[in-house]
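K.L.:
Here is the input, now give the coordinates:
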Amino acid sequence: MVSPNSDVNGSADKLNSLLKILSSHKNGLKICHINAQSLLNKIDEFRSNFENSNVDIICISETWFSTSTSENLIKLNGYKLFRSDRETHAGGVAIYVKLGIQCKLILSSPADFNLEFIFLEVRNRSENILVGCVYRRNCRVDVLPLMHILEEQSVAYNNIVLAGDFNSNVLAENNLVEHMRAIGLAVVNQTTPTHFSSTVNTLLDLFFVSDSNKILLYDQLSANQYSKHDLIFLTYDFQLASLTSEVTFRDFKNINLPALRTQSSQIAWQSIYSMESVDEQVKFLEENIANLFEMFVPLKVRKCTNNPIDWLPSEVKILMRSRNHAYKRWKRYKTSECYLSYKNLRKRAAAAIAVAKTKHFENKFSTAISSKQKWSVIKNMGIVGKTQNSLDPVDLNLNEVNFAFVNFDTLNSSDNTSQTSIASSLPTNSSQNSFYFHGVSEADVLAAINSIKSQAVGLDNLHPGFLKLLLPTLLPYITHIFNNILTKSVFPSNWKKAKVLPLPKTSGDLRPISILPFLSKALEKLMSKQITI
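P.N.:
A predicted model of the protein is given here:
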């Protein structure tokens, strides 16, 4: 089904409402394309248009991003970003994908390639679809290299959707359409112009699909706040796995402390004293704390919502609507007076948005008392260093990562051998230089636990904040377990394991972070203090 051009049937100054209507269709993958011509300069309107639109995939050509553009400046709440920046001015392509959609980067254009593109694989439970965004700088750029790439990729995908600014006026010539048809891709829109200049209207922004029968909806909307290109919109018959708009969290704010203390007092913690095995003591302690945690810090579900831009005053919004209306008049009549009116209103709207944004952040800074609040404002402004390039693969082969971490010692066996030989050559303890750990007091244990500021949860599943709430009851028993470990020289088996998280570094490698059981960190602090005194 192909709908008529909404620039005729609807008002161009209602892009938000029209996008919500178009993307309200329950079935299919909803994709749109915009030629932005410097998205960073229009990022506030972009967020206002799309953060609550339910569009699944937003393809952008002419982003004009540079490699130094921080992703915090161009982030869109509820979406993840894939980008390919051109080193020189102008150009660049990007794709925003709604969070929850399973996807990964397949291919992006190299720096020396004349055609710019990004290809993503979008997955559901049974099949995959290839979604691409393309920008062709001008009609003289050869499209055959792109055809070869698409031909290679089409072998692996039954479904392909390609969007972009191809700078080939389909109303006047069909070479591009014929090239695409030769590799099994059909053009979706080929009758209505998408680019408007003072002299001629052209059809440059196109959708190509592998199966025309799967087009559920096509439309185009005036989007003059970005460029003289219309926004094109497509719903393709590809069913996504159900997206969750909810987040699950632990409710720490509403813990019933009196009830927690009452329930905790009914547990026979003193039985720890009669247990001979350190492992048995630790297991009893951790299991009962976990049961209390599940009882008093329940899982709750909250719907995810994106807050729209709230700092644009009504007079600025009126000015923006006047600008859009002036653009609509210019598109219809093409007179110099209409264009001059639109151009002046566009400048006034841009200046008004900048002033409103400045006042908004000035107010935020004036009300931010603590350093934490000030840094929160700075992060929202995007004034941060360069982040990792989002073109790095989003999917990891977990088996390969695990194998590399597990076999790290084997890969460095020569170092281990030398260290072992050094250790074996050290003198054994004698009566003159022997060392023994001594017992610790409840005050020592309390100080060690409170000195740990991290809230990370290890394989013991003990949340540090919750454990600290139970310290008035548990401190004697934790102290007993610590002293039992020190006197028997037996470290609990569960505390010898760590949760290893592979964090990406800027170089593209992975840096393993080990999260230890919380109480083991407290004990190690006490042991370290005794060793270094």
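K.L.:
Helices of the stretch 401-533 of the chain, start to end?
P.N.:
Secondary structure of the stretch 401-533 of the chain (DSSP state H, counting those that start in this stretch): helices at 408-411, 413-424, 442-450, 464-469, 471-488, 518-532.
K.L.:
Any chance of JSON lines for the ones you listed, columns mean pLDDT?
P.N.:
Converted to JSON lines, the helices of the stretch 401-533 of the chain look like this (pLDDT from 0 to 100):
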{"stretch": "helix 408-411", "mean pLDDT": "57"}
{"stretch": "helix 413-424", "mean pLDDT": "41"}
{"stretch": "helix 442-450", "mean pLDDT": "94"}
{"stretch": "helix 464-469", "mean pLDDT": "92"}
{"stretch": "helix 471-488", "mean pLDDT": "93"}
{"stretch": "helix 518-532", "mean pLDDT": "91"}
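K.L.:
want to throw these into JSON lines with distance to residue 49 and mean neighbour count?
P.N.:
Quick note: C-beta positions are derived from backbone N, CA and C, even for glycine. Shown next, in JSON lines, are the helices of the stretch 401-533 of the chain (distance: least, Cβ to Cβ, whole Å; neighbours: other Cβ atoms under 10 Å):
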{"stretch": "helix 408-411", "distance to residue 49": "48", "mean neighbour count": "10"}
{"stretch": "helix 413-424", "distance to residue 49": "56", "mean neighbour count": "9"}
{"stretch": "helix 442-450", "distance to residue 49": "48", "mean neighbour count": "17"}
{"stretch": "helix 464-469", "distance to residue 49": "40", "mean neighbour count": "18"}
{"stretch": "helix 471-488", "distance to residue 49": "51", "mean neighbour count": "17"}
{"stretch": "helix 518-532", "distance to residue 49": "45", "mean neighbour count": "17"}
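K.L.:
would TSV of these with distance to residue 367 be doable?
P.N.:
Below are those laid out as TSV (distance: least, Cβ to Cβ, whole Å):
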stretch	distance to residue 367
helix 408-411	49
helix 413-424	54
helix 442-450	32
helix 464-469	28
helix 471-488	36
helix 518-532	36
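K.L.:
Among these, which comes closest to residue 364?
P.N.:
helix 464-469 (28.5 Å; Cβ to Cβ).
K.L.:
other SSEs contacting that closest one?
P.N.:
Under the contact definition 3 or more Cβ pairs under 8 Å, 6 or more residues apart in numbering; DSSP states H and E, helix 464-469 sits against helix 278-296, helix 442-450, helix 518-532.
K.L.:
okay, the angle between the longest one and helix 471-488?
P.N.:
Here the directions of helix 278-296 and helix 471-488 differ by 160 degrees (axes from the mean of the first three to the mean of the last three Cα atoms, to 10 degrees).
K.L.:
Show the low-confidence segments of this protein, by residue range.
P.N.:
1-14, 242-246, 303-310, 379-402, 405-433, 504-508, 533 (pLDDT under 70).
K.L.:
tell me, what residue is most central in it?
P.N.:
Computing the C-alpha centroid of the chain and ranking residues by Cα atoms, centre = their mean puts residue 80 first, at 4.4 Å.
K.L.:
For beta bridges, what are the partners of that residue?
P.N.:
Beta-bridge partners recorded for residue 80 (DSSP bridges): residue 97.
K.L.:
about what we covered before: of the helices of the stretch 401-533 of the chain, which is nearest residue 255?
P.N.:
The nearest among the helices of the stretch 401-533 of the chain, by Cβ to Cβ, is helix 464-469 at 7.2 Å.
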